[in-house]
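1. Here is a sequence together with a model predicted from it:
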Amino acid sequence: MRYGLLGKTLAHSHSPLIYAQLGIADYRLFETPPDGVESLIRGGELAGLNVTIPYKKTVMPFCDTLSDTARRLGNVNVLRFDSNGRIHGDNTDYAGLRATLLRGGFAVEGRKVAILGTGGAAQTAAAVAHDLGARTVVHVSRTGEDNYGNLDRRADAQLLINATPVGMYPNCDAAPLSLDCFEALEGVVDLVYNPLRTRLLQQAMQRGVRCAGGLFMLAEQGRAAAEIFLGHAIDPAATNRVYAALLQKVEGIALVGMPGSGKTAVAQAVAALMQRGCIDLDASIAGQEGKSPAQIIEQDGESAFRTIEAEVLQSAACEGGRVMATGGGAVLRAENRAALRQNSRVYWLKRPLSELETTGRPLSKDLPALYERRRPAYEAAADVMIDTQQTPEETARKIVEEFYEYTRTQWA
């Protein structure tokens, strides 16, 4: 039995991994132009099909039946083909978002909910919010009555749901709005799952507001779709397993710390253990500029180097699932810390100053003073501090063990 995903651009799809975790091995990606959608659906070779943008409404006329949820929301993300050739349309995005809100402990009942956007995802979010007892649901859009120019009218919103693509890869440094005016905010949910932690979510994190991205929603909608495909119930706990597998795939590892603390050697050892790609930021800069970071600093000044470093880092940090060794001062800029955090768990490699290698490092002449200047930035950037007085291989094993324990205990 063949299953797959219908969409226009699917290069970053996680669906094959999701369905492999749920027992569906024969799962394919069908990148299809608009004029090929009907022939794929009518081809008679499929048992089930997930549907993503831009075809969630396009496929509805081909359905012989629609679930109540699909009919209510006006879009379909699951097609099931029965033995008689009939096509049944359903929507599991609703189940995915509902599970995200409930599992995350987001208070919805009696709350005022502001939803960014007016498209299909926004309609799904509104339906879920209404069904969970929201007191008021308002849509914020670019041109509607409630828009980004009069956000103060909705400053009392308690739950904010981003149902727009703003902040999605590759435009990772964008955010739909600032949270500053939302004084009563209790929760933020961003349906974007790439990157893992959008700039919007990072604003919420900085304020200590409960928040979640779209990855758990993706996992749960997949479990619900697999139930439809296979015709039997799947333990809801399977969503946690799918989520952990997704997180282990897309969450990167970034190493920060003083110059000479062993970031490059440890990154290479981590990448070898995890069979992942490895990026050395200083080496990437040297390859791009044709001279080493030390030469750039000596010839053009530290400020010029930091600008180049920021551009290279922010481009590299958009891609998840890799291991990155940063330069010693890469986290000095807040925008660089935000870029690292969006797709990576950040480890601060901490080594005694007396053991740091300083050869060829023009900024490492007064290590104690340099460390005191940079320590707040390392603390602000890091999720975990790692003692690096062991060999690179031993340090790498500690990082990998911590990383997998972290991914096993996370859900969003």
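-> The structure has been received and is ready for your questions. Everything quoted here is computed from the prediction, not taken from an experiment.
2. before we move on, what SS does L247 have?
-> Counting by DSSP: H, G, I helix; E, B strand; the rest coil, the backbone at L247 sits in helix.
3. Sorry, slip of the keys, the one I care about is V140.
-> strand.
4. pLDDT score assigned to S354?
-> At S354, the predicted lDDT confidence score is 81.
5. what about it, how many residues close to it?
-> Residues within reach of S354, counting by other CB atoms under 10 Å, total 6. (Glycine included, C-beta is placed from N, CA and C.)
6. and if you look at A122?
-> With other CB under 10 Å as criterion, A122 counts 21.
7. In which helix or strand does it reside?
-> In this assignment (DSSP states H and E), A122 forms part of helix 120-131.
8. That helix packs against which elements?
-> Secondary-structure packing of helix 120-131 (3 or more CB pairs under 8 Å, 6 or more residues apart in numbering; DSSP states H and E): helix 68-73, helix 93-103, strand 112-116, strand 136-140, strand 159-162.
9. In this protein, spot the helix with the most residues.
-> In the chain, with assignment by DSSP state H, the single longest helix is helix 392-409.
10. So which residues of the stretch 251-400 of the chain form helices?
-> 263-274, 281-289, 293-300, 302-317, 334-343, 367-381, 392-409 (DSSP state H, counting those that start in this stretch).
11. and the ones you listed as JSON lines, adding distance to P176?
-> Shown next, in JSON lines, are the helices of the stretch 251-400 of the chain (distance: least, CB to CB, whole Å):
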{"stretch": "helix 263-274", "distance to P176": "33"}
{"stretch": "helix 281-289", "distance to P176": "29"}
{"stretch": "helix 293-300", "distance to P176": "35"}
{"stretch": "helix 302-317", "distance to P176": "19"}
{"stretch": "helix 334-343", "distance to P176": "15"}
{"stretch": "helix 367-381", "distance to P176": "24"}
{"stretch": "helix 392-409", "distance to P176": "28"}
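12. In contact with G44, which residues?
-> With contacts defined as CB atoms under 8 Å, 6 or more residues apart in numbering, G44 is in contact with F81, G85.
13. Pull the contacting residues for A265.
-> The contact partners of A265, taken as CB under 8 Å, 6+ apart, are P392.
14. So for it, what's the pLDDT?
-> pLDDT recorded at A265 is 97.
15. Break the chain into its domains for me.
-> The chain resolves into domains spanning 3-90+217-247, 104-212, 251-410 when parsed by the TED database.
16. if we can go back for a sec, deepest of the helices and strands packed on helix 120-131, which one?
-> Highest mean neighbour count of the helices and strands packed on helix 120-131: strand 159-162, a mean of 28 (counted as mean count of other CB atoms under 10 Å).
17. got the helices and strands packed on helix 120-131 as TSV, with distance to C278 and mean pLDDT columns?
-> Output for these, formatted as TSV (distance: least, CB to CB, whole Å; pLDDT from 0 to 100):
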stretch	distance to C278	mean pLDDT
helix 68-73	43	97
helix 93-103	32	98
strand 112-116	36	98
strand 136-140	41	96
strand 159-162	32	98
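18. closest one to A377 among these?
-> strand 159-162 (28.3 Å; CB to CB).
19. picking up where we left off before, tell me what the longest helix of the chain is packed against?
-> Secondary-structure packing of helix 392-409 (3+ CB pairs under 8 Å, 6+ apart): helix 238-250, helix 263-274, strand 344-350, strand 384-387.
20. Export those as a markdown table, with columns for distance to V188.
-> Shown next, in a markdown table, are those (distance: least, CB to CB, whole Å):
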| stretch | distance to V188 |
| --- | --- |
| helix 238-250 | 19 |
| helix 263-274 | 31 |
| strand 344-350 | 20 |
| strand 384-387 | 24 |
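21. Quick check: which of those is buried the most?
-> Most buried among the helices and strands packed on helix 392-409, counting by mean count of other CB under 10 Å: strand 344-350, with a mean of 23.
22. Restricting to C-alpha, output that strand in CSV.
-> Extracted in CSV, the C-alpha atoms of strand 344-350 (Å, rounded to 0.1, in the frame of the first residue of the first chain):
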residue,chain,number,x,y,z
SER,A,344,20.3,24.5,18.2
ARG,A,345,21.0,23.5,21.7
VAL,A,346,23.9,25.6,22.8
TYR,A,347,26.8,24.2,24.9
TRP,A,348,29.3,26.4,26.6
LEU,A,349,32.7,24.7,26.6
LYS,A,350,34.4,25.9,29.8
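23. Please state the offset of that strand from the chain centre?
-> Offset of strand 344-350 from its chain centre (CA atoms, centre = their mean, to the nearest Å): 18 Å.
24. hang on, the earlier thing: how much does the longest helix of the chain deviate in direction from helix 263-274?
-> With axes from the mean of the first three to the mean of the last three CA atoms, to 10 degrees as the basis, helix 392-409 and helix 263-274 are set at 60 degrees to each other.
25. what's the span of stretch 342-355, first residue to last?
-> The first and last residues of stretch 342-355 sit 31 Å apart, counting by CA to CA, to the nearest Å.
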